[in-house]
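> Below are the sequence and a predicted model; questions follow.
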Amino acid sequence: MHDDTAHALSACATLWKLVERRAALTPDTPALIQAAADPAADRTLTFGGLRDRCERVAAGLYGMGVRPGTVVAWQLPTRVETAVLSFALARIGAVQSPVIPFHRDREVGFALRESKAEFFAVPGVWRGFDHTEMARRLGARGVFTAYDDLPEGDPGLLPAPPSDGRAVRWIYWTSGTTSDPKGVLHTDRSLLAGGSCLAYALRLTPGDVGSMAFPFAHVAGPDYTVMLLLCGFPAVMFEHFALPDALAGYRRHGVTVAGGSTAFYSMFLTEQRKQPGRRLLPALRLLAGGGAPRPPEIHHAVVRELGCRLAHGYGMTEVPMITMGDPDDTPENLATTEGRPPAGMEIRITGTDGGVLPPGTDGEVRLRGEAVCRGYLDEAATRAAFDADGFLVTGDLGHVRESGHLVLTGRAKDIIIRKGENVSAKEIEDLLHTHPAVADVAVVGLPDPERGERVCAVVEGAPGVPELTLPEASAFLRARGLAVYKVPEQVEVVGALPRNEALRKVLKYKLREQFSG
């Protein structure tokens, strides 16, 4: 870890201390830039301004009854005001429960009940949906609007900031795509550890300009803002990310670092291919992200067509940053691995019996370190998630190379068992990504009376290219050396794969439901 980053973390036990440190170092440097459809409506908040406004808002919240330990849920879009509210709550020492703004009654009601939230901040009517009415319908307590106007008061009335960075003050929610979501418990220190990993791995400088195109309510929100506070550069915030509309904001503010997840990389590539002779984003030097598998072909296409580097990493709600690609690493490592873990992150690969496996051997990925969550709201889920040595059992499969690079090969539930043979969905997906008719693909196992499971490839077709057929897919995969028993028995072509609203991960359970008939 860089000396200045390590010093900052040792000096800052809490997120609020980090805000104060950055404001003292570079008070007039832009911190957050709100990109608007009308350039004249763009807004900028400096690091000094962030600290000062957060203190006033913290005083306003304190006047409403928010105290250290009070649980405050918020469901807000990616706006400067959302970041201010969140850091104001951190200043008080409240417990925050961020909720993705696209979630509706089922997920929101569950989060409010399980967290026992005493206050709930909403954006009012946002993108045609009345969040205030939903909150009232759900019987939420302490509902208040926090879109443009935030409560303010006299900072002199505030108690001292919290000093214990290891107290649980964050409840993040897993996606809950097949069952109720789980409340993931984080501390300021676990979020600081995750953000510092990102800052160290990407080697960013005060001259960079970042971007937040993902929901700030995702665990990537504090991950990214910790990096901004450590490195001292601004990020452009997009309340609603859609291409090509958002491109003007990227160009106007000279964004040098962008990303999100694999779906974001693909969206940028789609726009670049509309004008192949002209750089889509002239200032862009690095795409970086994680949260979903990244096929090697996507990496090579980004470098070749967008003219920038791509550093992909591995993270999850429980551990926001596990590994990250180093932009200066070899093209082969950047394309085929998830990067290396930082100091303090232990990765253990285990067999089915829990025994530790040697480098290069596939097994289940387990994690231990300061960036790992403290467990779940449900104590039974916490007991099931950690082994006897305190390692988090991820359910991901992979191996560690002798060089320390992590290679993910799939999810335990993503292994298709066909006639007793294990088939990796990711292996097939990576190969099909190289076919010109494939814009994206998800491979799933479907129930089959003869085989146990059959292999089905669901393809999002590339524009202007004839649809991929089963015989063509079979011939293509065999020509690339895929074992015969792994070749799909079924190919389905769809206009768009179903995705979640956070990092646009493909929802494979919906594909299984759709094509299992």
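Great, that's in hand.
> Going by neighbour count, list what's buried in stretch 281-295.
Within stretch 281-295, the residues that count as buried by 16 or more other C-beta atoms under 10 Å are 281, 283-284, 286-295. (C-beta placed from N, C-alpha, C; glycine too.)
> Show me which of the residues you listed is closest to G249.
Taking C-beta to C-beta as the measure, L281 is the one of the buried residues of stretch 281-295 closest to G249, at 10.6 Å.
> hang on, S424 packs against R411?
No: contact criterion C-beta atoms under 8 Å: S424 and R411 do not qualify, at 9.8 Å.
> can I assume Q490 is in contact with R451?
No: counting by C-beta under 8 Å, Q490 does not reach R451; the two are 11.2 Å apart.
> Comparing the two, which residue is more hemmed in?
More crowded of Q490 and R451, by other C-beta atoms under 10 Å: R451, with 18 against 15.
> can you pull the contacts of that one?
Shown in contact with R451 (C-beta atoms under 8 Å, 6 or more residues apart in numbering): 418-419, 489.
> hmm, 7 Å instead?
Taking C-beta atoms under 7 Å, 6 or more residues apart in numbering, we find R451 in contact with 418-419.
> With C308 instead?
Per C-beta under 7 Å, 6+ apart, neighbours of C308: 284-287, 302.
> Closest one of those residues to Q514?
Minimum distance to Q514 across those is 29.9 Å, recorded for V302 (C-beta to C-beta).
> Where do the helices of the stretch 1-150 of the chain begin and end?
3-11, 15-25, 47-64, 80-92, 105-115, 131-137 (DSSP state H, counting those that start in this stretch).
> Next, I417: secondary structure please.
Classification of I417 by DSSP: H, G, I helix; E, B strand; the rest coil places it in strand.
> what's it in contact with, if anything?
452-453.
> ditto for P222
P222 neighbours (C-beta under 7 Å, 6+ apart): 191, 195.
> Let me see the mean pLDDT of the helix or strand containing it.
P222 is located in helix 220-231, with elements delineated by DSSP states H and E. Averaging pLDDT along helix 220-231 yields 94.
> That one vs helix 80-92, what angle?
With axes from the mean of the first three to the mean of the last three C-alpha atoms, to 10 degrees as the basis, helix 220-231 and helix 80-92 are set at 80 degrees to each other.
> what residues does the helix or strand that helix 220-231 is followed by touch?
Next along the chain after helix 220-231, taking DSSP H and E as the criterion, comes strand 235-238. Residues outside strand 235-238 that contact it (C-beta under 7 Å, 6+ apart) are 32-35, 78-80, 209-213, 224, 228, 246, 249, 253, 255.
> let's go with 6 Å and repeat that
Under the criterion C-beta atoms under 6 Å, 6 or more residues apart in numbering, residues 32-35, 78, 210-213, 228, 246, 249, 253, 255 lie in contact with strand 235-238.
> Select from these every entry located in strands.
32-35, 210-212 (DSSP state E).
> if we can go back for a sec, closest one of the contacts of strand 235-238 to H131?
After measuring these against H131 - C-beta to C-beta - the closest member comes out as T78, at 15.0 Å.
> The closest one reaches F216, doesn't it?
Yes: proximity of T78 to F216 meets the contact threshold set by C-beta atoms under 6 Å, at 4.4 Å.
> if I look at L15, how far off is A83?
From L15 across to A83, the span is 11 Å (C-beta to C-beta, to the nearest Å).
> Point me to the helix or strand that includes I298.
I298 belongs to helix 296-301 when assigned by DSSP H and E.
> Repeat that for H186.
strand 183-187.
> now that strand against helix 105-115, angle please.
Going by the same axes, to 10 degrees, strand 183-187 makes 50 degrees with helix 105-115.
> Counting by contacts, list what strand 183-187 packs against.
strand 168-173 (3 or more C-beta pairs under 6 Å, 6 or more residues apart in numbering; DSSP states H and E).
> what about 10 Å?
With contacts taken as 3 or more C-beta pairs under 10 Å, 6 or more residues apart in numbering; DSSP states H and E, strand 183-187 sits against strand 95-98, helix 105-115, strand 168-173, helix 188-202, strand 319-324, helix 379-385.
> would you list the ones you listed in TSV and tack on mean pLDDT, mean neighbour count and distance to P123?
Formatted as TSV, those follow (pLDDT from 0 to 100; neighbours: other C-beta atoms under 10 Å; distance: least, C-beta to C-beta, whole Å):
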stretch	mean pLDDT	mean neighbour count	distance to P123
strand 95-98	98	24	13
helix 105-115	94	18	13
strand 168-173	97	24	18
helix 188-202	92	26	23
strand 319-324	94	28	24
helix 379-385	94	13	30
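> Ignoring the adjacent residues along the chain, who's closest to F241?
A213 (3.9 Å; C-beta to C-beta, 6 or more residues apart in numbering).
> ok, so what distance separates the one you found from T409?
In this view, A213 and T409 are 28 Å apart by C-beta to C-beta.
> Just want to know which of the two has more residues nearby.
Neighbour count, other C-beta under 10 Å: between A213 and T409, A213 has more, with 26 against 19.
> surely the more buried one meets L247?
No: with contact defined as C-beta atoms under 10 Å, A213 does not reach L247; the gap is 11.1 Å.
> Now list whatever residues contact both of the two.
Common contact partners of A213 and L247 (C-beta atoms under 10 Å, 6 or more residues apart in numbering): V255.
> Could you list the domains of the protein?
Using automatic domain parsing, the domains assigned to the chain come out as 13-24+45-189, 419-515.
> Could you give the bridge partners of G260?
Here G260 sits in beta bridges with G289, as judged by DSSP bridges.
> going forward, begin numbering at 9 instead of 1
Yep, numbering from 9; the last one is G268 now.
> hmm, back to that, TSV please, covering the helices and strands packed on strand 191-195 and showing distance to R512.
TSV is the format used below for these (distance: least, C-beta to C-beta, whole Å):
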stretch	distance to R512
strand 103-106	18
helix 113-123	17
strand 176-181	17
helix 196-210	19
strand 327-332	17
helix 387-393	25
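> how much space between D172 and P163?
Counting by C-beta to C-beta - D172 and P163 are separated by 21 Å.
> Looking at those two, which has the bigger crowd around it?
P163 (16 against 13).
> Enumerate every residue touching that one.
Per C-beta under 10 Å, 6+ apart, neighbours of P163: 60, 62-68, 70, 99.
> quick one: the residue of the chain most remote from its centre from G428, how far?
In the chain, the residue that sits farthest from the middle, by C-alpha atoms, centre = their mean, is E458; the gap is 38.8 Å. In this view, E458 and G428 are 12 Å apart by C-beta to C-beta.
> Can you pull out the low-pLDDT segments for this structure?
Along the chain, segments meeting pLDDT under 70 span 9-19, 184-187, 510-511.
> Could I get the contacting residues of the residue farthest from the centre of the chain?
426-427.
> if I've got this straight, it is in a helix?
No: counting by three-state DSSP, E458 falls outside a helix, being coil.
> What separation is there between it and E497?
Taking C-beta to C-beta as the criterion, E458 is separated from E497 by 10 Å.
> in terms of contact, does V65 touch A98 like I think?
No: counting by C-beta under 10 Å, V65 sits too far from A98 to count as a contact (11.0 Å).
> Helix or strand: which one has the closest residue to P252 other than its chain neighbours?
Leaving aside its sequence neighbours, P252 sits nearest to E279 (C-beta to C-beta, 6+ apart; 5.5 Å). Following DSSP H and E, one finds E279 within helix 270-280.
> And the residue nearest to W82 when sequence neighbours are not counted, how far from G428?
Closest residue to W82 apart from its sequence neighbours, by C-beta to C-beta, 6+ apart: A129 at 3.9 Å. A129 sits at a distance of 53 Å from G428 (criterion: C-beta to C-beta).
> And for H139?
50 Å.
> of those two, who's got more company?
A count of neighbours by other C-beta under 10 Å puts H139 above the other of H139 and G428, at 25 against 8.
> what's the nearest residue to that one once chain neighbours are set aside in contact with, if anything?
The shortest distance from H139 to any residue other than its chain neighbours is 3.9 Å, reached at V130 (C-beta to C-beta, 6+ apart). Listed by C-beta under 10 Å, 6+ apart, the contact set of V130 reads 81-84, 107, 109, 116, 138-144, 148, 151-155.
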